[in-house]
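Peer 1: Next comes the sequence, and after it the predicted model I'd like to discuss.
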Amino acid sequence: MSAVTDTAFEPALSVKDLTTVFETPGGPVTAVDAVSFDVMPGEVLGLVGESGSGKSVTLRSLMRLVHAPGKVAGTVLWQGRDLLSMRERELRRVRGGKIAIIFQEPTTALNPVLTVRVQIEENLRAHTSLDGRQRRARAIELLDLVGIPAAERRLGDFPHQFSGGMKQRVMIAIALASNPRLLLADEPTTALDVTIQDQILKLILDLRDEFSMSVVFVTHDLGVVAQTCDRMAVMYAGRIVESGSVTEVFSEPHHPYTRGLLGSVPRGGAERTLLTSIEGTPPSLAAIPAGCAFHPRCDFAVERCIERRPALEAIAPGRMVACFRQADVAAEAAAT
Amino acid sequence: MTAISPAAQPRRRRIRVARLPLTFVLGGLILGISLILAVFPSIFAPYDPIAMDYNAILAPPSLSHFFGTDSFGRDVFARVIHAYTVDMQIAIFATTGPLIVGVIVGALVGYAGGLTETLFGRVVDAVISFPFLVLVIAIVAVLGPGLTNMYIAVGVIDWVFYGRLVAGEVKVQKRLDYADAGRAMGYTPARIIFRHLLPNAITPAIVYWMTDMALAILLGSSLGYLGLGAQPPAAEWGVQIADGKNFMSTAWWISVFPGVAIVVTGLGFSLFGDGLAELLRTKR
């Protein structure tokens, strides 16, 4: 246990200047632009943004899962070693063994022709030295852990025999088979209905506590962030525009985009007010506006927002924002 | 030995004959009978296939010779039955090698993509730009006639078709989330290709295999007819048709019955292949 305390202040995952560019016939498209963040041991980090903001690509880039013609640059430090420059053989040990990922759509992320048992045991075969009997026992244990009733009987079932929520549970069971230290979750509840969504979120948090994993949670749902995350980073057009603890960002957004996002979510219990929406649509990644990418949709935009791109700067310990007028935004948020 | 309640039994999907596609049942029946005839021809054939009877030359079909006799007095029925051994062997031997090689190469090529795929594409183009039969005849002509050389000739060419089918399927499958999930789980490429992608990609190749066996029988008997495949006096349908070609107007039975055998067996493979396709499709 001493190892855990020693590393408690060291980030489990440290991402620096992660940049993912897709070479297309129409020119290079930057889907992820110089993204940096740390994930502490046992922490849940939310990566928030609209569709096309680059959050899913960020997650896939971390694990080198981006398909050609995508190119990833930067560093992703995992226990002091760079995942992006690591050799395939070493990377395979980290993938699934130390870092696991679950996808948005459990229906397509499970292999349709292999039984659940085979798919769980594949992970165990790759990352543990358990023998056949132990693997089977562990598979039952895992299905039990993720809350699948009659686990032993369901081992021989194929994915299509499970409901959507159950499939996501199976996916989580496969991902957790080898006790990963970090779970990357790519909108794991988006394809599920609300009651099931809640159960899955709770399950992930319980498992986080039980195994003291770190979690990176990609989502567009601020409700999910509020419910599950410790810290959050807001992405817009491939860049992080604001980050900080969930409580701080929710109570005092410093970026107009974050403010817009929060204003578009109904809040229970509070006085009924008009929901605001962010005018316009997110820019195409092939044609990101010059200066601050958000300026065409921003109420606070001034001359220099069009001319220069604001850098992501610390405004308080653990709080970063990329906006020239962040102080005005915060002041207005406090006033309303 | 306690009684197990039905609920506690593992759920197994029972295959009921009535639920199977009709084509599958019919094709399976024809192939089953063909295989039995191929393995135990002597049980069903009333005569030795190469025994000559000069007292019954060119005898028409009768009760003692169901399909008549040929110009050497050999029993056509016995020869048609014995030919099952050779022709079913052609169907299986000529296609199984190409199936295995094609599936493995195709899976690797489809997964690798890029330059490998382009190169393979050129090989495919080169092979399919020649008519299959002409290419096989050319190779057999170089190697010399006979069944073994025919297998080699077919094997050199035929794997390309399986390769192309599987490469295309694997290329689609490798882009799906479950393939990414496999990579994200740290599985080796070999494991992802053969354990995860291939079971999803192999169906068209298996179905084509059935059609290909019918084609192999056609090819085998064509080569037999041309004198490049099985050699006389061996009983083989193509050889038999060639034997009868000079007697078409006087003794039609020498060529027609082996021809019918080719059609029926070919139909069996085709029906079975169609049924199998349907069966594998609905299982998903």
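Peer 2: That came through fine. Numbering: from 1, shown residues only, chains lettered A, B, ... in the order given.
Peer 1: Helix or strand: which one has the nearest residue to residue B:199 once chain neighbours are set aside?
Peer 2: Closest residue to residue B:199 apart from its sequence neighbours, by Cβ to Cβ, 6 or more residues apart in numbering or on different chains: residue A:113 at 4.5 Å. Backbone N, C-alpha and C define where each C-beta goes, glycine included. Under the criterion DSSP states H and E, no helix or strand holds residue A:113.
Peer 1: these two touch, right, residue A:113 and residue B:198?
Peer 2: No: using Cβ atoms under 8 Å, residue A:113 makes no contact with residue B:198, being 9.6 Å away.
Peer 1: between those two, who's got more neighbours?
Peer 2: Between residue A:113 and residue B:198, residue B:198 has the larger neighbour count (other Cβ atoms under 10 Å in any protein chain shown), namely 22 against 18.
Peer 1: Just confirm the more buried one is within a strand.
Peer 2: No: applying DSSP: H, G, I helix; E, B strand; the rest coil, one finds residue B:198 to be helix, outside a strand.
Peer 1: Can you tell me the SS state at the nearest residue to it once chain neighbours are set aside?
Peer 2: Nearest residue to residue B:198, sequence neighbours excluded (Cβ to Cβ, 6+ apart): residue B:107, at 5.4 Å. Secondary structure, three-state DSSP: residue B:107 is helix.
Peer 1: which residues does residue B:107 contact?
Peer 2: Contact partners of residue B:107, counting by Cβ atoms under 8 Å, 6 or more residues apart in numbering or on different chains, are B:166-167, B:170, B:193-194, B:197-198, B:201.
Peer 1: what packs against the helix or strand hosting residue B:133?
Peer 2: Residue B:133 belongs to helix B:132-143 when assigned by DSSP H and E. Helices and strands touching helix B:132-143, by 3 or more Cβ pairs under 8 Å, 6 or more residues apart in numbering or on different chains; DSSP states H and E, are helix B:147-173, helix B:203-226.
Peer 1: With mean neighbour count, distance to residue B:47 and mean pLDDT as new columns, can those helices be given to me in JSON lines?
Peer 2: Shown next, in JSON lines, are these (neighbours: other Cβ atoms under 10 Å in any protein chain shown; distance: least, Cβ to Cβ, whole Å; pLDDT from 0 to 100):
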{"stretch": "helix B:147-173", "mean neighbour count": "21", "distance to residue B:47": "23", "mean pLDDT": "94"}
{"stretch": "helix B:203-226", "mean neighbour count": "22", "distance to residue B:47": "21", "mean pLDDT": "93"}
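Peer 1: Let's have those helices in TSV, adding distance to chain A.
Peer 2: Formatted as TSV, the helices and strands packed on helix B:132-143 follow (distance: least, Cβ to the nearest Cβ, whole Å):
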stretch	distance to chain A
helix B:147-173	9
helix B:203-226	9
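Peer 1: Which of those sits closest to residue B:241?
Peer 2: helix B:203-226 (5.5 Å; Cβ to Cβ).
Peer 1: so how far is the closest one off the chain centroid?
Peer 2: Once both centres are worked out by Cα atoms, centre = their mean, to the nearest Å, helix B:203-226 turns out to sit 5 Å from its chain's centre.
Peer 1: likewise stretch B:73-93?
Peer 2: On Cα atoms, centre = their mean, the centre of stretch B:73-93 falls 15 Å from that of its chain.
Peer 1: Report the rounded mean pLDDT for that stretch.
Peer 2: Averaged across stretch B:73-93, pLDDT comes to 95.
Peer 1: still on that earlier bit, check which residues of the helix holding residue B:133 are buried.
Peer 2: Under the neighbour-count criterion of 16 or more other Cβ atoms under 10 Å in any protein chain shown, helix B:132-143 has B:135-137, B:139-140 buried.
Peer 1: interface residues of the stretch 1-150 of chain A facing chain B?
Peer 2: When proximity is defined as Cβ under 8 Å from any Cβ of the partner chain, the stretch 1-150 of chain A approaches chain B at A:60, A:63, A:65, A:67-68, A:91-97, A:100-101, A:103, A:105, A:108-114, A:122-123, A:126-127.
Peer 1: one more time with 6 Å, if that's ok
Peer 2: Listed as neighbours of chain B in the stretch 1-150 of chain A under the rule Cβ under 6 Å from any Cβ of the partner chain: A:63, A:65, A:92, A:95-97, A:101, A:103, A:108-111, A:113, A:123, A:126.
Peer 1: Name the nearest of those relative to residue A:135.
Peer 2: Of the residues of the stretch 1-150 of chain A next to chain B, the one sitting nearest to residue A:135 (Cβ to Cβ) turns out to be residue A:123, at 9.5 Å.
Peer 1: does residue A:71 belong to a helix or a strand, and which?
Peer 2: Here residue A:71 is assigned to strand A:70-78, by DSSP H and E.
Peer 1: Show me what that strand packs onto, helices and strands only.
Peer 2: Strand A:70-78 sits against strand A:13-24, with contacts defined as 3 or more Cβ pairs under 6 Å, 6 or more residues apart in numbering or on different chains; DSSP states H and E.
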